[in-house]
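> what's the 3D shape of this:
(2 chains)
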Amino acid sequence: MIPRQLIIGVTVLLLAVLGMSAYVWRMRRHAAALPAVSADTRPLAPPVAGPTEQVTLFVAHDEDGSLRPQAAQIPLPSGRQERAQELLRSLLALYLDKSSTHPLASGAEVRSVFLVDPGVAVIDLNGAFADGHRSGVLVEDLTIASLIHTISANTPGILKVRILVDGKERETLAGHADLSDFYDVTAVNQLSSQLASAQ
Amino acid sequence: MPSTRRTLRAGGPPALRRASHAPGRSLPPVAVFVLVTLCAILLSGAAPEKHLSVYSTAANYSLPVVQRDGHDYVGLLELLEPLGTVNAKADGPRWRLRYNRVEGDFQTGKNRARIQGRDADLPAAFLVENGRGLIPVAALGVLLPRFLGGPVSLHEDSERLFIGSVATHFTASLAADNPARLVFHFTSPVNPFVSTEPGALRLTFGREPVVAPASPTLTFGSKTIPSATYSESNGTAIITVNSTAPVMASFSSDGRTVTISPTSAAAAAAQNAPTSAAPGTLGTQPQSSSAPNTPAQPVPRHYFAVVDAAHGGDDRGETLSSTLVEKDVTLILARSLRQELESRGISTLVLRDSDANLTLEQRAIVSNTNHAAIYISLHAASIGHGVRIYTALLPSGGDDRGPFHSWTTSQRTSLPLSQNTAASVATEMQKRQIPVRTLTAPLRPLNNVTAAALAVELAPQGSDVMQLTAPDYQQLVTSAVATAIAAARDNLGAAQ
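Numbers count the residues shown, from 1 in each chain, chains lettered A, B, ... in the order given. Next up, the predicted model:
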């Protein structure tokens, strides 16, 4: 004879298990229905208008693993820091385009650029940039070299560059490229020279 | 205070807690102490794990030896696996094995086996444990030639097995210099583990098929290096050089020559010593407390190369396809590279030999503390084609201050050597028609490694990412890396 309280206890537990299973199943369906990337893709700053200037962007090409200079006419503000910021946003606009040669994740953005004397630039990327970046030594190498060479080639006096993500230090970009220290611009420009030749 | 004692007992180990609640059965503290001490003594005195070292033209490897009924046994399948195509099947008490085209039939508990239709007597019973066929080590000398079709030499006491003519012989001669130098010439490159103790330097050959000279004791008639002895035990060969002064070993001729010479202080003492010095003076002078500086002892190197399978555990690396992640490819590559390096006589440590989490710091620390001559990090990628070889792109700053070296730029002094080695690896890749590029990368822990450090990123040659798992392609790449490192062995070894 099974005690009555045991039967009641087991029944209650079974009901609880069934209830929890139904709840988990419902939550999973709900999570699956959400878009894969929930990053905020709204622009952070208004588009810059006014007279354009010719700059050189160093653009990564995944098909042959190269970094090539590309002339561009873009409107640039007068402030040195704002110019650097706009420069990188123009570079990212190329990468976010449908015909990108080095696609970045949707919503990738440069939050801000700080120019700190003497010769230090801090590039603050948003989370979508790093979280959605493809993993690989070469592909991350290309991104780093592209950002740093573009900013240093068009903003004289930059000797060191630090990359932050959402204003915070991060160990790597996407598992490979080290973000824990300052980049030496000379060393990165040498890397850019190596990357100038296609594989 | 009594309440404190109660609390302590309640929080103690369960076994002790149970004992404390059993009046009359509790162990007095002295008895517990004696038990723990006895366990410690027994554990410390436990015999080291026995290994059988196997030397062949295909591979040098070692297998664990187990003892059953007073006899040493090894797994027959594991023994033959690196040598050819082999499969085994347990069928009740019978255990059948097929090696290439040779069939063997064994029965558990029986002292007789049947190979290619012919009986063979075993010195002890064949055993099957969990489907694994165990063969007495003593039987290998008779049994293996039937499977392999060639000569086999078994050093049963020292658990060393030589398949074919693979033995490395050596000669020892004393160079008539002041101070004396003892020069060993080996018929193949060697990379022994070097250790020193007062009055002796020991060369331990774990992976090289070094065999005994005509006499196990060699005498040289030198006061500084009077003799050397050869011995074998537990899968290793050991040459012990007896000396009356501190000595060190140096390698040359691509690892074929090992020179034992007094350390610089001992050498200086020998040269400054009056010619009428009494015997034994050489040995005592370097140990004088008035010596201004004791020279640095040669750093013991456990492994020549450290191979790092990048990523692992929670860090999957790049998702190469729906079924393939980078961490799995790098692990297979690392094992392949270890085999290629070791087949060239280069002792190799694979940093991550399982799906384990390892931090970047841990990887660099293991390489640095082992004083490896080269560190190779392996990566895989879906983008591009062929192989990319990276050296460190050092971060800004990290200035060294006197004897203190910056962790972030530890690689700085070795960077030229890393770049030279990367160029050598690229040349070997080109010889094999593999598209290759040499680049720098901000890739940790390359910048934290004190030795030469490379990263090798493997991409498919075409568009099919599954080529990354193809053994032929992997072996082509790892053999190129190993050949280049073997060629640069002298430069890499001298740099440490």
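
> pLDDT value on the residue nearest to the spatial centre of chain B, please?
By CA atoms, centre = their mean, chain B has its centre lying nearest to B:Ser347, at 4.9 Å. With respect to pLDDT, B:Ser347 has a value of 88.

> same question for A:Glu171.
92.

> for it, what are its contacts?
The contact partners of A:Glu171, taken as CB atoms under 8 Å, 6 or more residues apart in numbering or on different chains, are A:Asp178, A:Leu179, A:Ser180, B:Leu360. Using the backbone N, CA and C atoms, a C-beta is placed for each residue, glycine as well.

> before we move on, what about A:Pro118?
A:Leu159.

> that one in helix, strand or coil?
Classification of A:Pro118 by DSSP: H, G, I helix; E, B strand; the rest coil places it in coil.

> how much space is there between it and A:Ile158?
From A:Pro118 across to A:Ile158, the span is 10 Å (CB to CB, to the nearest Å).

> please report how far the residue positioned nearest the centre of chain A lies from A:Val188.
Geometric centre of chain A, nearest residue: A:Phe129, 1.7 Å, by CA atoms, centre = their mean. According to CB to CB, A:Phe129 and A:Val188 sit 18 Å apart.

> cool, B:Thr85 as well?
Taking CB to CB, one finds B:Thr85 at 51 Å from A:Val188.

> and these two? Which one has more around it.
A:Val188 (24 against 10; other CB atoms under 10 Å in any protein chain shown).

> can you classify the more buried one by secondary structure?
helix.

> give the closest residue to it in space, chain neighbours not counted.
By the measure of CB to CB, 6 or more residues apart in numbering or on different chains, the closest residue to A:Val188 outside its immediate chain neighbours is A:Ile148, 4.5 Å from it.

> for the one you found, the count of nearby residues, please.
27.

> now do the contacts for it.
The contact partners of A:Ile148, taken as CB under 8 Å, 6+ apart, are A:Val161, A:Tyr183, A:Val185, A:Val188.

> what parts of chain A come near chain B?
Residues of chain A lying close to chain B (CB under 8 Å from any CB of the partner chain) are A:62, A:64-65, A:134-139, A:141, A:144, A:159-160, A:171-172, A:175-178, A:180-184, A:187-188, A:190-191, A:194-195, A:199.

> filter those to the buried ones?
Among the residues of chain A next to chain B, those buried by neighbour count (16 or more other CB atoms under 10 Å in any protein chain shown) are A:62, A:65, A:134-139, A:141, A:144, A:160, A:172, A:175-178, A:181-184, A:187-188, A:191, A:194-195, A:199.

> still on that earlier bit, tell me which two of the contacts of A:Glu171 sit farthest apart.
Pairwise distances across the contacts of A:Glu171 (CB to CB) peak at 12.4 Å, for the pair A:Leu179 and B:Leu360.

> quick check: A:Ala71 is in a strand.
Yes. A:Ala71 forms part of a strand when assessed by three-state DSSP.

> quick one, what contacts it?
When contacts are counted by CB under 8 Å, 6+ apart, A:Ala71 is found next to A:Gln54, A:Val55, A:Thr56, A:Leu57.

> B:Asn420: which element?
Using DSSP states H and E, B:Asn420 sits in helix B:415-431.

> list the contacts of the next helix or strand after that helix.
Where DSSP H and E defines the elements, the next helix or strand beyond helix B:415-431 is strand B:436-441. If you take CB under 8 Å, 6+ apart as the criterion, strand B:436-441 is touched by A:65, A:137-138, A:141, A:176-177, A:187, A:190-191, A:194-195, A:199, B:386-393, B:419, B:422-423, B:425-426, B:429-430, B:455.

> now do 7 Å
Applying CB atoms under 7 Å, 6 or more residues apart in numbering or on different chains, the contact partners of strand B:436-441 are A:137, A:141, A:190-191, A:194-195, A:199, B:386-393, B:422-423, B:426, B:429-430, B:455.

> from those, which land in helices?
With DSSP state H as the criterion, helices contain A:Val137, A:Asp141, A:Gln190, A:Leu191, A:Gln194, A:Leu195, B:Ala422, B:Ala423, B:Ala426, B:Met429, B:Gln430 from among these.

> list of residues touching stretch B:346-358?
The contact list for stretch B:346-358 (CB under 7 Å, 6+ apart) reads B:191, B:207, B:303-309, B:312-314, B:327, B:331, B:334-335, B:338, B:341-342, B:363, B:366, B:370, B:485-486, B:489.

> which SS state does residue 105 fall under?
No chain was given, so I picked chain A. The three-state assignment at A:Ala105 reads coil, by three-state DSSP.

> actually chain B
Applying three-state DSSP: B:Asp105 is strand.

> can you count the residues close to it?
16.

> which ones are touching it?
Here B:Asp105 is in contact with B:Arg94, B:Arg96, B:Ala113, B:Arg114 (criterion: CB under 7 Å, 6+ apart).

> now the residues you listed in a markdown table, with neighbour count, pLDDT and distance to B:Glu103?
Formatted as a markdown table, the contacts of B:Asp105 follow (neighbours: other CB atoms under 10 Å in any protein chain shown; pLDDT from 0 to 100; distance: CB to CB, whole Å):
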| residue | neighbour count | pLDDT | distance to B:Glu103 |
| --- | --- | --- | --- |
| B:Arg94 | 13 | 87 | 12 |
| B:Arg96 | 15 | 89 | 7 |
| B:Ala113 | 24 | 90 | 11 |
| B:Arg114 | 15 | 89 | 9 |
